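Trainee: Generate coordinates for the sequence data below:
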Amino acid sequence: MAPSLTRKQDESEEESFSESDHSSSYERQTPSKKTRKAPTPTKTSTKRSKSSPSSMKIYKKDSEAASANSTPNKVALPELIAFRPVKEDRALFLDGYEGYFEQNKLKNAVSTGSMTNATDLEHSEFLQITQILNILHSQQRDVLKSYYESLFNQWFFQLSEGFNMAFYGLGSKRALAVRFISEYVLVKLSALGKETKSVVLNGYNPEASVRELMKQIGSIFYNGNRDYPLNPRSAIEFIRKEFKDLESPQLVVLVNNIDGEGLRTDRSQELLSRLASIPQIWMCVTMDHVNTPVMWDSGVLSQFNLLWHETTTFDPYLIETSFKNVLALGKSSKFIGSKGAEYVLTSLTSNARKLYHLLIARQIKNMNADHKASKGKKGTKEKAKFIGKIRHGVPFKELYEACLDEFITSNEISFRTVLGEFCEHKMAVLSKDNSGTEFVYIPFNIEELEKLATSA
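Mentor: Next comes the predicted model:
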């Protein structure tokens, strides 16, 4: 009996010692009252070895209490929890790699601000900033352009060898590609006695399509020919047969932004590659998206037969972004009205601006006369709400002759090209009346027209 009594006494002494040691460690770990409240004793632990008999019981009790209040595979660390903020406690219960990433993740609050909360920028301020950016590093950009112009002869030789050109790089490549086609390729072919036609497809226009391109080609070569197919695929095969025995090149095609919104479909890219595979057609394309080649499989890429040229210009995408309201990112997807027209005019040539101002002046005169004649009639709108329509427009021939007198244009082809730019940007409409006469008019109200007339 004596040994058993002594064993019980020893166990009671160990338990009392454990409790006293537990309370003493609790007192040592408790922070000051000014900083944090004292935690409950059930969530504390001793600093003695967990392998000792006295501390193992407390450790088991703490582990059971922690597991009852947490999910499996979580280990409680009470001595750390007492000094951690409440938001960080959850990370300390995770074990393994989850705990590592949870404890090391950023705990700073992420801003809820967005572009819609930014202060609206006036169009005049935007133009001023754009002009300043255009001045920066202008000399270095001019050096780049002169270097690319020195390569025109090499590019022409590669085209003559049956390859097509692909221009990529940072910055707008539209002006460089147009200069290469109009001022070098066509001029050199003309000097060689070849009357080669050219056509441009602006892929940055959301309404651009291969169907429109084939219509343009058909109007150049087969105007009025009823045999010319309306289907783009059939039209390409028709051209292939017609050009088969003719000398190369018969046509030069420039596709600005072949990765534009209207041309990103597989069907459009496949049709363009078929057109590029015709030996009598030279094609040059520009691209701006880094993943453009991903659109093409080996078959399409083989038909394009491209030679790649890195032509970084660092020029701003003024024309390319003119179809969208860059001042309303996240707010609107359309870009119409006088503000849009004012923005587009700043990116065009001086002759194009003169042509548009001449059209504005004549249309305002017609609208004032129409409003004066309809005054007093029932349903007549206020002058400010008068919107331009075909009856306020200027006849095409009359506008063309006025531009010739003002030395704004020298031929009808360039005149139609500039008008095409205006029509693409919804700044003008070219339409025919009931008698078949072509009229040009601007679909804005008279207040917007007067504002555009006073703008530079």
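Trainee: just for the stretch 1-150 of the chain, where's the confidence low?
Mentor: 1-95, 106-118, 120 (pLDDT under 70).
Trainee: next one: the stretch 351-456 of the chain
Mentor: Using pLDDT under 70, the stretch 351-456 of the chain drops low at 376-386, 455-456.
Trainee: how does it look with 90?
Mentor: Where the stretch 351-456 of the chain drops to pLDDT under 90, the residues are 351-353, 364-393, 405-438, 442-456.
Trainee: just the helices in it please.
Mentor: Using DSSP state H, counting those that start in this stretch, the helices of the stretch 351-456 of the chain run over 396-405, 412-424, 446-454.
Trainee: list the buried ones in the second one?
Mentor: Of the residues in helix 412-424, those with enough neighbours to count as buried (16 or more other CB atoms under 10 Å) are Phe415, Val418, Leu419, Glu421, Phe422, Glu424. No exception for glycine: its C-beta is placed from N, CA and C like everyone else's.
Trainee: Repeat that for stretch 185-205.
Mentor: Val185, Leu186, Leu189, Thr196, Ser198, Val199, Val200, Leu201, Asn202, Gly203, Tyr204, Asn205.
Trainee: Go through those residues and name the one nearest Tyr222.
Mentor: If you rank the buried residues of stretch 185-205 by distance to Tyr222 using CB to CB, Val199 comes first, at 13.3 Å.
Trainee: pretty sure that closest one belongs to a strand, no?
Mentor: Yes: under DSSP: H, G, I helix; E, B strand; the rest coil, Val199 falls within a strand.
Trainee: Would you agree it is in contact with Met214?
Mentor: No: using CB atoms under 8 Å, Val199 makes no contact with Met214, being 9.8 Å away.
Trainee: Can you classify Glu195 by secondary structure?
Mentor: Strictly by three-state DSSP, Glu195 counts as coil.
Trainee: got JSON lines for the buried residues of helix 412-424, with distance to Val143 too?
Mentor: Shown next, in JSON lines, are the buried residues of helix 412-424 (distance: CB to CB, whole Å):
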{"residue": "Phe415", "distance to Val143": "34"}
{"residue": "Val418", "distance to Val143": "30"}
{"residue": "Leu419", "distance to Val143": "35"}
{"residue": "Glu421", "distance to Val143": "29"}
{"residue": "Phe422", "distance to Val143": "33"}
{"residue": "Glu424", "distance to Val143": "32"}
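Trainee: Greatest separation within the residues you listed: which pair is it?
Mentor: Phe415 and Glu424 (15.2 Å).
Trainee: between the buried residues of helix 412-424, which is closest to Glu102?
Mentor: Closest to Glu102, out of all of the buried residues of helix 412-424 and judged by CB to CB, is Glu424, at 54.1 Å.
Trainee: Just give the nearest non-adjacent residue to the closest one, would you?
Mentor: Using CB to CB, 6 or more residues apart in numbering and skipping residues adjacent in sequence, the residue nearest Glu424 is Asn205, 5.3 Å away.
Trainee: Is that neighbour located within a strand, as I assumed?
Mentor: No: counting by three-state DSSP, Asn205 is not found in a strand; it is coil.
Trainee: show me the contacts for it.
Mentor: Asn205 makes contact with Gly260, Gly262, Phe323, Glu424 under the criterion CB atoms under 8 Å, 6 or more residues apart in numbering.
Trainee: hmm, try it at 10 Å
Mentor: 212, 256-257, 260-263, 319-320, 322-323, 421, 424-425 (CB atoms under 10 Å, 6 or more residues apart in numbering).
Trainee: how does this structure divide into domains?
Mentor: For the chain, the domain assignment from automatic domain parsing gives the residue ranges 2-104, 125-321, 340-454.
Trainee: any chance of those domains in JSON lines, with distance to Thr119 too?
Mentor: What follows is the domains of the chain, written out as JSON lines (distance: least, CB to CB, whole Å):
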{"stretch": "domain 2-104", "distance to Thr119": "34"}
{"stretch": "domain 125-321", "distance to Thr119": "10"}
{"stretch": "domain 340-454", "distance to Thr119": "19"}
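Trainee: Rounded mean pLDDT for stretch 153-171, please.
Mentor: Stretch 153-171 comes out with an average pLDDT of 95.
Trainee: Next, the buried residues of stretch 433-449.
Mentor: Quick answer for stretch 433-449 (16+ other CB under 10 Å): Phe439, Val440, Tyr441, Ile442, Pro443, Phe444, Asn445, Ile446, Glu448, Leu449.
Trainee: Quick one: residues contacting the last one.
Mentor: By CB under 10 Å, 6+ apart, Leu449 lies in contact with 338, 341, 359-361, 363-364, 367, 386-388, 392, 442.
Trainee: ok, now with 6 Å
Mentor: For Leu449, the contacting residues are Ile360, Ile364, by CB atoms under 6 Å, 6 or more residues apart in numbering.
Trainee: Give the buried residues for the helix or strand encompassing Glu242.
Mentor: Assigned by DSSP states H and E, Glu242 belongs to helix 232-243. Within helix 232-243, the residues that qualify as buried are Pro232, Ala235, Ile236, Phe238, Ile239, Arg240, Glu242, Phe243, counting by 16+ other CB under 10 Å.
Trainee: moving C-terminal of that helix, what's the next helix or strand?
Mentor: Taking DSSP H and E, what comes next after helix 232-243 is strand 251-256.
Trainee: Note down every partner strand of that next one and its orientation.
Mentor: Using DSSP bridges, the strands paired with strand 251-256 in its sheet are strand 197-202 (parallel), strand 281-286 (parallel).
Trainee: Just the CA trace of the last one, in PDB.
Mentor: Output in PDB follows, covering the C-alpha atoms of strand 281-286 (Å, rounded to 0.1, in the frame of the first residue of the first chain):
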ATOM      1  CA  ILE A 281      -0.900  40.900-106.500                       C
ATOM      2  CA  TRP A 282       1.700  42.500-104.100                       C
ATOM      3  CA  MET A 283       0.500  42.800-100.500                       C
ATOM      4  CA  CYS A 284       1.900  44.800 -97.600                       C
ATOM      5  CA  VAL A 285       0.400  44.400 -94.100                       C
ATOM      6  CA  THR A 286       0.900  46.200 -90.800                       C
END
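Trainee: pLDDT averaged over it, what's the number?
Mentor: Rounded mean pLDDT across strand 281-286 is 96.
Trainee: repeat for the first one
Mentor: If you average the pLDDT over strand 197-202, you get 93.
Trainee: hmm, back to that, what separation is there between the residue nearest to Glu424 and Val199?
Mentor: 14 Å (CB to CB, to the nearest Å).
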